[in-house]
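Enquirer: missing the sequence, but the structure's below:
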């Protein structure tokens, strides 16, 4: 089987650069080893799809766009009124189960695992770094940990998920990922940055 | 006694323990940390710091703030050189290099001052009159000389090595200005629990409090409030930050300047930072600017605003003179006189008013200040510095005209003149939203005409010039702003005590008599706008020539233009204009205030949007492979695509021909990952496709692909591509690279607005799938080598068939269709596997001689085959124009089906698709060539143009596609292809737009 090759693998050599104050206040890395599945209901099937998903996950689904359900290794993001993203470890059978469980006249199941590059940004300056490019209020009281938003960065669409008070995950479009990465590194220069090795959870 | 400015031995807010070396015009000087370039220059005895815009008159500092019209410098060297920077807002830093402007060879000896001798030729609008003859083209001759003689500093063409940044920010309450009103507003809103940002263009907080003595109660209060604000974690203070513009929904653009910190770009330190700030509430506490008075020679170095002189003394410990004359029409100037007298200066106050408050009279007497009521300065003597003034009786009316002969006066020796013409609230920002200022007669000034919802004003901005009023209003504005964000606190917890300062009471009773300009001799120049050399005479000329609107006045005289945008001149000009028109000031209105409040470096607006960060680059999953294997890349929109490969030649001209030969004779592989890909799912997916495409899709079988064309709703061709049916309810649509986003948006728009009942969902999967096409007579053999165990025979995978297979755990989607006209297969795989699959094909099919081919060959192969692409699909052509009219279904409606029938789109002489073959073997066809009939003269727009062109190995000639009036009606006719840019004309012939394999045998083998 072919190995997967990330869109930013060429830029991922671990290194760093001190900021103006001599510190490295952001850590940046790429998370790999995950799959992304989009599930969307059709105009008349949203209730039926929700019912199907509840029976699969045995959990209550998020009710508002921007909310996230975390259940073990699974993360379910409500990306639209009738649409979800599910992030799971790669190799998980869930995608196969979903294709079987969600009837094609009830919902559209689409794999987007290769369409996004997942960049993790963490550190005391992470919010200031992202504020250079994302026109969202990232204050902890407003964009609380555990929520996500669909926004733009460097003229490209990104999904930003706040996985902690000073930790963010960006789902960038694969074909723009290297540009977004280069933008992040440049914007990190004043704060000082550390690029960490690729991994399932590179900043763990 | 020494004359001119000098440093005072005590006081001020500069740090005397931290000396700073800098240079002015190459002369080394020393200042202290906290000095501006202006204060440090004055402390070194420098009064002449520039020459005026037009007449090259000697000029000195007028003010101590951002309103400065004269004291502009060129800072830095090389790429860092930046002209027109006010010395009054530039903090000196170690090694700062500054140069005075507009004087040659120096401001002390400026040969261009000869302009003053020909001043009558240079009055307002001179360039519309003086330099218009003797011929019609004379202006073109004069213009370069005039521009060289006038103008401000000169910039640099070198690259600026410094770093600039942009960022976004959000807050509940923005407080603009950190004077007493702003400080108390920020403290109050902060105490109420709101998120607050306090911006101050100065390095120090305090605003007008910084005019007070550095050791008095005002300073203690200022420090106390600042400390309290700093203790609040929800309040952010942004110093050296100017609110440049107010935009819709409480958006404010801020520019922070950090030049004085000597930022190091290699460490990422920014010289300036632009913040786009979204606010929920705003408190404007922008204060007021003192304005000058208009009298003869009021521009001489040493004639300054009274408040500026006080600022230099109390903030920077610089006495601007030893013998000073103050001319005023209001109370505020007295504080300057009192403070200068206390440090030993000789002070005379010429008050235009005949009656003043008794307390002022008493204090002048106590400090031995000579007070001359009802008197004015009618002339200033001295050229490069003030030597003396003529004091005479003041006019009784505010509308003294230019030609009023001044009363005979007395000559008074002095080295400093202070002007105090009253205060103009800084209404710029509040006006940006479209709320016009209104005139308040009691203070003779414009104040905000109102505030938008969630916006509040406090202090001098609204005409409350007293300290107590500023603090009261600041508290109220801060409380209201916080409350509008849902942050309420009882008033007793929000109180702030005012400082007990000596002048507070006097300030509360600010009184002014609106006398705007003073009588002067006919030939003397009395300046209204210092930066643009606009005098009272210029305003008079403008009025005489009918420019009665202030907006026209501004354009005709240049008043209020330039870097200061008339901050010190506008109100005086309006008043004089009103006087000339014999109307009240409100009738003249004001000019329109627009952002920015102060000049912004273009670099700051650009931020990091430059170089490779100018825009994002879109890369195929195979991008790096192309680079590492001789691929030459070309931009295609945001994409970088493999253009040609070095295996095939040393330049694109030779390589693409070789790559075409490979595909026609053997097998090649090309990257088509850039094609748009859309996942269409749902019970009504077929119905959606049937409505979108002009041809039928309802009956497309599973595992079959179909070429389709879609129209815009006005009947022009939008895009083409193939859509493959993967299962009963699932389709895989491809679009052209160029129209990917547009098609996706169009589908979403229709589904969300027009066809909400359709049970369909569309998702862009362009980034999900890497794509490659294997093309050529040996393409099937290549697949058989690369995909052993999978049947790709004609029976299993026929033309326009689809096969989804699993290659050792990797999903592949094979669709047999052809862009080149040869046997070809598009192969898609999830993007992360793209490189490995590509290498797999190259390795396994190597015995067949497979090699990569690039975009140039890809596009040329389709020209030979006669397929239209982006160059023909330009949203102006119809189906019939492109020879695709027969595709349109007559059995179903589709988007654009009605409007495509408009008579103008059915005309037989429309420019339509034709093939063009070159008839001259030694010449070539070029894309963009204009087409003419054979006997026609080569002029005008012709009868059409070449859209795409290629060399054809098979025909051994250049062939092209083009649009020609009447299209194939002219098949067989000879034409001329003209390319005026190179002076070329080539004979060619109209032929059918398909140059090989018209029956399609090759692609069906």
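Expert: Okay, I see it. Model, not experiment: these values are computed from the prediction.
Enquirer: residue B:899 touches residue B:715, doesn't it?
Expert: Yes - here residue B:899 lies in contact with residue B:715, judged by Cβ atoms under 8 Å, at a distance of 3.9 Å. Bear in mind the C-beta positions are built from the backbone N, C-alpha and C, glycine included.
Enquirer: which neighbours do these two share?
Expert: residue B:905 (Cβ atoms under 8 Å, 6 or more residues apart in numbering or on different chains).
Enquirer: who's more crowded, the two?
Expert: residue B:715 (18 against 15; other Cβ atoms under 10 Å in any protein chain shown).
Enquirer: how much space between the residue nearest to residue B:562 when sequence neighbours are not counted and residue B:568?
Expert: Distances taken as Cβ to Cβ, 6 or more residues apart in numbering or on different chains put residue B:531 closest to residue B:562, at 4.4 Å, once the chain neighbours are dropped. Distance check for residue B:531 against residue B:568: by Cβ to Cβ, to the nearest Å, it reads 9 Å.
Enquirer: joint contacts of these two?
Expert: Common neighbours of residue B:531 and residue B:568 (Cβ under 8 Å, 6+ apart) are residue B:69.
Enquirer: contacts only, for residue 179.
Expert: Using chain A. A:154, A:156, B:616, B:617, B:618, B:619.
Enquirer: ah, no, chain B please
Expert: With Cβ under 8 Å, 6+ apart, residue B:179 has these contacts: B:206, B:207, B:208, B:209, B:285, B:287, B:459, B:460, B:470.
Enquirer: kindly reformat those as JSON lines containing secondary structure, neighbour count and pLDDT.
Expert: Converted to JSON lines, these look like this (DSSP: H, G, I helix; E, B strand; the rest coil; neighbours: other Cβ atoms under 10 Å in any protein chain shown; pLDDT from 0 to 100):
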{"residue": "B:206", "secondary structure": "coil", "neighbour count": "24", "pLDDT": "97"}
{"residue": "B:207", "secondary structure": "helix", "neighbour count": "25", "pLDDT": "96"}
{"residue": "B:208", "secondary structure": "helix", "neighbour count": "23", "pLDDT": "94"}
{"residue": "B:209", "secondary structure": "helix", "neighbour count": "25", "pLDDT": "94"}
{"residue": "B:285", "secondary structure": "coil", "neighbour count": "33", "pLDDT": "98"}
{"residue": "B:287", "secondary structure": "coil", "neighbour count": "24", "pLDDT": "97"}
{"residue": "B:459", "secondary structure": "helix", "neighbour count": "34", "pLDDT": "96"}
{"residue": "B:460", "secondary structure": "helix", "neighbour count": "33", "pLDDT": "96"}
{"residue": "B:470", "secondary structure": "helix", "neighbour count": "30", "pLDDT": "93"}
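Enquirer: which among those residues gets closest to residue A:142?
Expert: Among the contacts of residue B:179, residue B:285 lies closest to residue A:142 (Cβ to Cβ), at 25.8 Å.
Enquirer: any idea which helix or strand carries the residue nearest to that closest one when sequence neighbours are not counted?
Expert: Closest residue in space to residue B:285, ignoring its immediate chain neighbours: residue B:182 at 3.4 Å, by Cβ to Cβ, 6+ apart. With elements taken from DSSP states H and E, the one containing residue B:182 is helix B:180-191.
Enquirer: that helix packs against which elements?
Expert: Under the contact definition 3 or more Cβ pairs under 8 Å, 6 or more residues apart in numbering or on different chains; DSSP states H and E, helix B:180-191 sits against strand B:163-176, strand B:196-199, helix B:217-230, strand B:235-238, strand B:270-284, helix B:467-484.
Enquirer: wait, which of these is closest to residue B:994?
Expert: That would be strand B:163-176 among those, by Cβ to Cβ, at 52.0 Å.
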